[in-house]
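[1] got a predicted structure here, sequence first:
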Amino acid sequence: MDKKGYEYILFDLDGTIVDSGEGITNAVMYALKAFGMSVADRSELYCFIGPPLMDSFQRFFGFSREEAWRAVTEYRVYYREKGLYENTVYPGTEDMLGRLNAAGKRVILATAKPEEFAKTVIEHEGLGKYFAFIGGAEMETASGRARQRKDEVIAYVMESCGITDPKRALMVGDRAGDVEGAAANGMDCVGVLYGYGSREELEGAGAHRLAQSPEEVFRIACGLEPE
């Protein structure tokens, strides 16, 4: 990065652009009901915000792959109808996106959420005009390999947007997967502390910088913060 900052700014969606905790946890709770299961507090399900659903149901509830697929199917019943719209844009985010555009940055979405859902969320929140490209995961299926991991999504976005020098790009996200996915593609990552990842998680993953607010993200992206 030179004193003008980065040229391409890639953003995670859940926990970075929008607080999607309500919609995602409601959908997970809906899915668990199909198995006769429940949780005492929705905060127990915040671990589902970010990683692929198939992985999360297997990891956090010990589901078999077949059970996890059934849970994902149930999840989507609720999420398509209601969960997609149960989001809140983080304060200061829209202003930040507008200022990045005005500064000549190419603003891109790179999310592990299925691309179809990501586009719906962005448009519903009125943020589509700020993004040059919206890149996401492929929809998970019962069998077969799909683009799911954050490193795969970032690689897909780089190819789609013609990003040949990863040092000109910056990933912005709130979870370890964002940091690790960026590193796998040779890219710096700013970890945001207002999402669902802790300082310890982000530092442990090797985040290049940490930001307390969208304003700090803007300043880092534009090279206005000292190293």
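    Thanks, I have the structure now.

[2] so Leu210 bridges to which residues?
    With DSSP bridges as the criterion, Leu210 is bridged to Gly191.

[3] okay, it: pLDDT?
    Turning to Leu210, the model gives it a pLDDT of 97.

[4] just give me the neighbour total for it.
    Leu210: 14 surrounding residues under other Cβ atoms under 10 Å. All C-beta spots, glycine's among them, are computed from the backbone N, C-alpha and C.

[5] contacts only, for it.
    The neighbourhood of Leu210, defined by Cβ atoms under 8 Å, 6 or more residues apart in numbering, consists of 190-193, 199, 202-203.

[6] now the buried members of these.
    Buried subset of the contacts of Leu210 (neighbour count, 16 or more other Cβ atoms under 10 Å): 190-192, 202.

[7] could these go into JSON lines alongside distance to Arg70?
    Output for those, formatted as JSON lines (distance: Cβ to Cβ, whole Å):
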{"residue": "Val190", "distance to Arg70": "37"}
{"residue": "Gly191", "distance to Arg70": "34"}
{"residue": "Val192", "distance to Arg70": "33"}
{"residue": "Leu202", "distance to Arg70": "33"}
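
[8] how does the chain divide into domains?
    In the assignment given by automatic domain parsing, the structural domains of the chain cover 8-19+87-221, 21-85.

[9] against which helices or strands is the longest strand along the chain packed?
    In the chain, taking DSSP state E as the definition, the longest strand is strand 106-114. Helices and strands touching strand 106-114, by 3 or more Cβ pairs under 8 Å, 6 or more residues apart in numbering; DSSP states H and E, are strand 8-11, helix 93-102, helix 115-124, strand 133-137, helix 150-161.

[10] among those, which comes closest to Ser213?
    Of all the helices and strands packed on strand 106-114, it is helix 93-102 that lies closest to Ser213, at 8.7 Å by Cβ to Cβ.

[11] how about the helices in the chain?
    Secondary structure of the chain (DSSP state H): helices at 21-33, 53-61, 65-81, 93-102, 115-124, 150-161, 176-184, 199-205, 214-221.
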